[in-house]
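Engineer: With the input below, show me the fold.
(one chain, ligands or ions: 1)
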Amino acid sequence: MKVFKTVSSLQKYLAKIDKNKTLGFVPTMGALHDGHISIVKKAKKENSFVIVSIFVNPTQFDKQEDLKKYPNKLKHDLELLKVENCDIIFTPETNEIYTNNIKSDSFDFNGLDKVMEGAFRKGHFDGVGTIVKKLFEIIKPNTAYFGEKDFQQLQIIKKMVATYNLPVQIIPCVIYREKDGLAMSSRNAHLTDNQRKSAPLIYQTLLKCKELFPEKEINIVKKFVKNEFENNKFLELEYFEIADTETLIHYSSKNKNKKYRAFIAVFAGTVRLIDNIALN
Ligand code: PAF
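Structural biologist: Model prediction:
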């Protein structure tokens, strides 16, 4: 496993890779958990080489305190990746990527960034677009892997790749869950015992929505979700939306030709948890 901190050393190494081989890319911000590892395993199966980036991207944080408290577990992450026989790790410092100009570019994501996560976390997706585009340009992977837990991010990356004609195939990866259904996230480690015990309600509620969806109107499903969280002492609903899978536009009535997904964000104290599910 080769570990690189600079763009030039990484590119020198990548230039030696046979052009007939495929390079799969798994971008991360570190603090790796089994969800990340499942993505690395998939990338390993589907490519000749796999590169993982570990970089806590400052421009995608809307709150400085979240950036400051973002866990750094580099040593542990590298050990996990070694077990997976990961080929290459890129773990640059902030200056290596942003050269003293820590700013996002602005993107036109055709409205995909204006709803849900984008509405509640201003500038977040410009930050994500900026770093992912930079990393694609540095690494030039054939494939890049993104988890469906951040489904909105996945759609935005696909849009960016199409807009800029970037020569990379985006591979979605199913949500990896704990045994009780909670979607895996680095943030789960910050939950108190009571919050952790309550958190499976998020996925249970999504499953119930999927059950209700064929028969009930969207506003009835939304009311159901609101009620589920109303009296919960440990979880506070931030948003619940039912949206078109492709455009992420919210609807209040159903069209049988469209594919819908339910999206949820919940606060457990100061920890923000998100999840989503395909409804039809
Ligand atoms: O999903 C993440 O961990 C981040 O948003 C990503 C894609 C690594 C960009 O910083």
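Engineer: So which elements touch the stretch of helix or strand residue 45 belongs to?
Structural biologist: According to DSSP states H and E, residue 45 maps onto helix 34-46. Helix 34-46 makes packing contacts with strand 23-28, strand 49-54, strand 143-147, strand 169-173 when contacts are defined by 3 or more C-beta pairs under 8 Å, 6 or more residues apart in numbering; DSSP states H and E. C-beta: built from backbone N, CA, C; applies to glycine.
Engineer: Mind pulling up the pLDDT for the residue most central in space within the chain?
Structural biologist: Nearest to the mean C-alpha position of the chain, by C-alpha atoms, centre = their mean, lies residue 150 at 3.5 Å. Reported pLDDT at residue 150 in the predicted model: 98.
Engineer: Phi first, then psi, for it.
Structural biologist: Per-residue torsions, residue 150: phi -100, psi 70 (degrees, to the nearest 10).
Engineer: Just give the closest residue to it, not the sequence neighbours.
Structural biologist: The shortest distance from residue 150 to any non-neighbouring residue, by C-beta to C-beta, 6 or more residues apart in numbering, is to residue 274 (7.4 Å).
Engineer: Now do the same contact list for the one you found.
Structural biologist: Counting by C-beta atoms under 8 Å, 6 or more residues apart in numbering, residue 274 touches 117, 149, 150, 183, 185, 263, 264, 265, 266.
Engineer: which residue packs closest to the first one, ignoring adjacent ones?
Structural biologist: Excluding its sequence neighbours, the residue lying closest to residue 117 (C-beta to C-beta, 6+ apart) is residue 152, at 5.1 Å.
Engineer: list the contacts for residue 146?
Structural biologist: Here residue 146 is in contact with 27, 153, 154, 157, 170, 171, 172, 173 (C-beta under 8 Å, 6+ apart).
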